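J.: Give me a 3D structure for the following:
(4 chains)
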Number of protein chains: 2
Amino acid sequence: MDQKTTRDPAMTDVARLAGVSHQTVSRVLNDHPNVREQTRLRVRAAIKELGYRPNRAARALVTGRTQLIGVVAQNSTLYGPASLLSAFEEAAGEAGFAVSVGRVKELDRESIAAAVERHRDQRVAGIVVIAPNSSAADALADVPAGVPLVTVDGDPSRPTPLVTVDQAAGAFDATSHLLEAGHQTVWHVSGPADWFDAAGRVEGWRKALEAVGAEVPPVVTADWSAASGYRAGQMLSRMPEVTAVFCSNDHLALGLLRALSERGRRVPHDVSVVGFDDVPEAAYFIPPLTTVRPDFGAVARETLGLLLEQVSDGESARPRRTVAPMLVSRDSVAPPA
Amino acid sequence: MDQKTTRDPAMTDVARLAGVSHQTVSRVLNDHPNVREQTRLRVRAAIKELGYRPNRAARALVTGRTQLIGVVAQNSTLYGPASLLSAFEEAAGEAGFAVSVGRVKELDRESIAAAVERHRDQRVAGIVVIAPNSSAADALADVPAGVPLVTVDGDPSRPTPLVTVDQAAGAFDATSHLLEAGHQTVWHVSGPADWFDAAGRVEGWRKALEAVGAEVPPVVTADWSAASGYRAGQMLSRMPEVTAVFCSNDHLALGLLRALSERGRRVPHDVSVVGFDDVPEAAYFIPPLTTVRPDFGAVARETLGLLLEQVSDGESARPRRTVAPMLVSRDSVAPPA
DNA sequence: CCGAAGGGTGTTATCGCTAACATCATCGGT
DNA sequence: ACCGATGATGTTAGCGATAACACCCTTCGG
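T.: Coordinates of the predicted model:
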């Protein structure tokens, strides 16, 4: 009879089959230079024959290092954070790292601290926190030093390692695009004030207006939902002097578009609109929405790079990185009537 | 001077401080019964004082078990799969498991097999595959037995352990709701034919019609996007005999609503519409959408439970579970004019 | 022709934990 | 008063890898 549960082959099994010591197998696995080519091939063949796979736990035990990256993210399906997470998982996977996701219901101090602790229990090599608003950023103050940690979408005014989309640049471009079309000024429907993305977009919008000496209208603050964009639109659509609106994301723009259309204000003929995010549906809005596309893949890669620098060097020469977004021009912008 | 990098405290450090052997510390950690209460307290105090945390790698090495669950999911931000994943991460976290996500660009055989292999390299305790269409389900045939594996949203006709929303029941309810409002029949805009969710909803819709002897109109097949819902709507809105439409998801319904409104067909006065998913925006559509809400949290919990049964028992008594969704009634359904 | 340098390989210790067994009181039953 | 059962604890042996060092055998400069 067979052994009851034939255990997985270990390094010594490979070594025996290849006629070498287990240390040589280890060397082959880790690409050490001092192994004869012929030996290397023999070991490789044995590995393949046995279907051997290295035991990560054993390796982690002796090296003290893990190939795991912990991510802390909110339990939400907002397009931006969800895309970021997904892109990061892909990037990390390609680099040979596993990603352990710790979801958090609320972005408060306590929840985030708990999630970070869970990751430290797992002895992750590094932690990424998606901290898009101020309460999340505050919570990071509690995190003890010593764990490589990168914040994504976090507070640009803090000194922690950070990667983020250049919100201000994107907003600047969007606003300038509207001004260049001939509009006197541009109104802005903003996301929640405590979100850094929203704040950065307000800043870029304001700078673009100031750069050409345009009047700066009051900010209309909303949340990120289409519903609140609709409510903002109900107000703005009553104001004939509003000919151009920059919305802090595409869902707001969607709500706005609907409100405008209900009031009989045509887009882009009467009012021009620009969004932010380039959600997959944006090209199918009515009219197709001109918007700003962040490169989540680039953010993910920068984040990973920054984290790995910290893991190996202890810190990084460039601990803050910013990824420029791109204006995507569709049919929701035209010169004023 | 201090030691250069004072290493993390290990079990023996705790043991020394508490004046016991490391094995006793281990027993306290694992809640073994045979430890005197007083000793237990002393050990706990020592653990706290040193800030000791068990080394999972060492534990995994000796037990051969890991507290990690691997998930294979597509790199998409579709509402259903994204919500499911998020809910699962939360549920697993609460149960003390870490979740490692392996993203896959396409749901083809090769990508899925590669993602599964990466997880096996990590020696995960079990694997969850979100396999919502037939190519993903096919790929699972390649997965060697011996790894606990649960499919979510997968092929109901296969014998593999599976958890899924009861699509047919939800669709049956949605359709019946429209019929009970007095409509002669109900049209259906379906998701992609190779998606099990879409197929299940078609089935439920058909059964509801047949149950009352209503005529079964041809299925309008689309993808999951608002754009394709809009195209379907352009066609259906021209047909005066269409008074009720069940859409396979809310985004399709959104597109349909817009097409109907452009043609001057009022919802729900002229046409009633029901969606599926209950996306967060659904309550703010115009009109607020009656839809079917799947309980992703329940799916996640069932999935976890089923997986853990397999991990401990090798298999499960009830390897297929189904979670009933709930009809959410809003303002998009009325009796025919 | 010899010793140093270095490539290729093996041997041994070690990481931090759990499993298995050993040890020693304590205790109740006869 | 003796004995086995049971509870509380300690001791020892791995788990499967890497690190550090030891040991050959070439090769090459003087």
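J.: Got the confidence number for the residue of the stretch 101-250 of chain A at minimum distance from DNA strand C?
T.: Here the residue of the stretch 101-250 of chain A nearest DNA strand C is A:Arg123; by Cβ to the nearest atom of the strand that distance is 9.9 Å. C-beta here means a position set from N, CA and C on the backbone, and glycine is covered the same way. With respect to pLDDT, A:Arg123 scores 91.
J.: how about it, what does it touch?
T.: A:60, A:66, A:68, B:55-57 (Cβ atoms under 8 Å, 6 or more residues apart in numbering or on different chains).
J.: could you check whether stretch A:22-37 is close to chain B?
T.: No: residues of stretch A:22-37 are not located near chain B by Cβ under 8 Å from any Cβ of the partner chain, the shortest gap being 12.3 Å.
J.: Could you check how far the most centrally placed residue in chain A is from B:Arg65?
T.: Nearest residue to the geometric centre of chain A (Cα atoms, centre = their mean): A:Leu84, 2.9 Å. Going from A:Leu84 to B:Arg65 by Cβ to Cβ, to the nearest Å gives 32 Å.
J.: What of A:Ala91?
T.: For A:Ala91 relative to B:Arg65 (Cβ to Cβ), the value is 29 Å.
J.: Pick out whichever of the two has more residues nearby.
T.: Set A:Ala91 next to B:Arg65 and count neighbours by other Cβ atoms under 10 Å in any protein chain shown: A:Ala91 wins out with 22 against 12.
J.: And the helices in the stretch 151-300 of chain A, which stretches?
T.: With helices called from DSSP state H, counting those that start in this stretch, the stretch 151-300 of chain A shows them at A:167-180, A:196-211, A:226-236, A:250-262, A:296-313.
J.: Quick one: closest of these to DNA strand D.
T.: helix A:296-313 (13.3 Å).
J.: who touches the following helix or strand past the closest one?
T.: Downstream of helix A:296-313, the first helix or strand assigned by DSSP states H and E is strand A:320-323. Residues external to strand A:320-323 that are found in contact with it (Cβ under 8 Å, 6+ apart): A:156, A:161-166, A:169, A:294-295, A:298-299, A:302, A:306.
J.: Repeat the analysis, applying 7 Å as the threshold.
T.: Counting by Cβ atoms under 7 Å, 6 or more residues apart in numbering or on different chains, strand A:320-323 makes contact with A:161-166, A:295, A:298-299, A:302, A:306, all of which sit outside it.
J.: Buried among those residues? Need that as a selection in ChimeraX.
T.: Buried subset of those, written as a ChimeraX selection, criterion 16 or more other Cβ atoms under 10 Å in any protein chain shown:
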select /A:161,162,163,164,165,166,298,299,302,306
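J.: can you pull the buried residues of the least confident helix or strand in chain A by mean pLDDT?
T.: Sorting the helices and strands of chain A by mean pLDDT, DSSP states H and E puts helix A:134-139 at the bottom, at a mean of 88. Residues A:134, A:136-139 are the ones in helix A:134-139 that count as buried (16+ other Cβ under 10 Å).
J.: Name the nearest of these relative to DNA strand D.
T.: A:Ala139 (34.5 Å).
J.: So A:Val129 belongs to a helix, correct?
T.: No: per DSSP: H, G, I helix; E, B strand; the rest coil, A:Val129 lies outside any helix segment and is strand.
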